[in-house]
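> coordinates for the following, if possible.
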Amino acid sequence: MGKDNKPFGKVTGSLDGFTVRMQINNNKRTHTGKFGIYAGKTLVEEVTSTKEGLEKITPEFIENWRKKKQVSKNR
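Numbering: from 1, shown residues only. Purely as a prediction, here's the structure:
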């Protein structure tokens, strides 16, 4: 298994420790038309726009992500 070298795109929004970034095509370094909600370097969820990404980041979203993260660490 090789390292997955996917570059990160420009940050288009940030809220409560999560960032919304443009997703970049790995080979040509061009924008794919998609955005992603990231926690650090971890992709949490793909979204279609910055506005949609910022609307999805709610206290329930954050709590569910933390629970899911904790469960995966316990396995």
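> scan this protein for its longest helix.
Looking across the chain with DSSP state H, the single longest helix is helix 59-74.
> in the helix or strand bottoming out on mean pLDDT in the chain, what counts as buried?
Least confident element among the helices and strands of the chain, by mean pLDDT, DSSP states H and E: helix 59-74 (a mean of 83). Using 16 or more other CB atoms under 10 Å as the burial criterion, the residues of helix 59-74 that qualify are Phe61, Ile62, Trp65. For glycine as for every other residue, the C-beta is placed from the backbone atoms N, C-alpha and C.
> which SSE is Leu54 in?
helix 50-56 (DSSP states H and E).
> that helix packs against which elements?
Contacts defined by 3 or more CB pairs under 8 Å, 6 or more residues apart in numbering; DSSP states H and E place helix 50-56 against strand 8-15, strand 18-24, strand 31-39, strand 42-47.
> buried sites along it?
Under 16+ other CB under 10 Å, the buried positions of helix 50-56 are Gly53, Leu54, Lys56.
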